[in-house]
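Trainee: Coordinates for the following, if possible.
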Amino acid sequence: MNTISKITQIIQRQDGSEVKIVAQACFGRGLHMSIDSYFLHRQNSNSQWRLLSKNKHPDANKMSRSEYLEKGRPEFLQYLSIGEILKVTSLIGQTIGSESILNS
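Mentor: Numbering: from 1, shown residues only. Have a look, this model is predicted:
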């Protein structure tokens, strides 16, 4: 049985920019699987990909809720929704060719 261990999705935005989600299975001590992910962005299909930071703004803990939502969140969350990320990461470990993958 073959399972998905790495998957990439490119999402094209209405402004012509693109965001790439890459998720992969990682195995640590005792072969317990975890999922690592990283995110890239580019202005258009001719631009170079740029890695999006997972770090929140250094002053995020001092910001009001509205300030945090505007500029304190990690950079990748300014380009992607949690739903878009979960849609990709949830495929890790699924059997290749299963109906749930074909219908997503």
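
Trainee: And the closest residue to His57 other than its chain neighbours, its phi and psi?
Mentor: Sequence neighbours aside, Gly72 is the residue nearest to His57 in space, at 4.2 Å (criterion: CB to CB, 6 or more residues apart in numbering). In short, each C-beta sits where N, CA and C put it, glycine included. Backbone torsions of Gly72, given as degrees, to the nearest 10, read phi -100, psi -20.

Trainee: mind checking how far Gly72 is from Tyr79?
Mentor: According to CB to CB, to the nearest Å, Gly72 and Tyr79 sit 15 Å apart.

Trainee: ok, back up a step: how deep is the residue nearest to His57 tucked in, by neighbour count?
Mentor: The number of residues packed near Gly72 is 19, by other CB atoms under 10 Å.

Trainee: And the pLDDT at Gln94?
Mentor: On pLDDT, Gln94 comes in at 89.

Trainee: Hmm, Ile4 and it touching each other?
Mentor: Yes: contact between Gln94 and Ile4 holds when scored by CB atoms under 8 Å: they sit 5.5 Å apart.

Trainee: For the two, indicate the residue with more neighbours.
Mentor: Ile4 (17 against 14).

Trainee: Perfect, I'm done here.
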